[in-house]
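Trainee: sequence and computational prediction follow.
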Amino acid sequence: MYGGNHYIASADVTAQGKAIQEAAIKFGDGKTLPFAPCKKYYNPWGSDEDGSKIRMYGCRLHGDLREKRIRSEGYRAGEKHLEGFWGEVPQKANN
C-alpha cells in the first residue's frame with residue numbers, strides 16, 4: 001500500500017498525482033509501482049567543492065546517471081526537459 005494505492009482515487013487532483021497515476025499504469029498494475037521510487041528530492045542547482053553552482057539532472061544519488069543518459073541519448077518521449085527548471089544561475093553561496 002505504500003506505493004500510493006491508498007490515495008489512488010484522488011490521484012488526479014494534482015499534476016504530481018496525475019504523473020504518479022500515469023507511471024503506475026505504465027509500469028505497474030495501475031494502482032502501484034512494482035519498484036520503490038527514489039525518495040531523494042530534485043533541486044535544479046547543486047554546488048561543487050568550491051561552492052560554484054552546477055546544473056543537476058536528478059537527485060544527488062541519480063543525477064550523474066541521468067546526465068550521462070540525456071547527453072548520449074537525448075530526452076525520452078514525454079520526459080520533462082530540464083531547461084525550464086534551470087533558469088538563471090543562482091549566486092554563489094557565501095558560507
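Mentor: Happy to help now that I have it.

Trainee: and the lengthiest helix in the chain, what's its mean pLDDT?
Mentor: Ordering each helix of the chain by length in residues (DSSP state H) puts helix 15-27 first. Mean pLDDT, computed over helix 15-27, is 80.

Trainee: run the chain-centre distance for the helix or strand just after that helix.
Mentor: On the C-terminal side of helix 15-27, the closest following helix or strand by DSSP states H and E is strand 45-47. Mean-position distance between strand 45-47 and its chain equals 15 Å (CA atoms, centre = their mean, to the nearest Å).

Trainee: who does strand 45-47 touch, helix- and strand-wise?
Mentor: Contact here means 3 or more CB pairs under 8 Å, 6 or more residues apart in numbering; DSSP states H and E; on that basis strand 45-47 packs against strand 53-55. For the C-beta atoms, the positions are set from N, CA and C on the backbone; glycine is no exception.

Trainee: report the distance from the strand it packs on to the chain centre.
Mentor: On CA atoms, centre = their mean, the centre of strand 53-55 falls 16 Å from the chain's centre.

Trainee: and stretch 46-59, by the same measure?
Mentor: Taking mean C-alpha positions (CA atoms, centre = their mean), stretch 46-59 and its chain are 16 Å apart.

Trainee: what is the end-to-end distance of that stretch?
Mentor: 9 Å (CA to CA, to the nearest Å).
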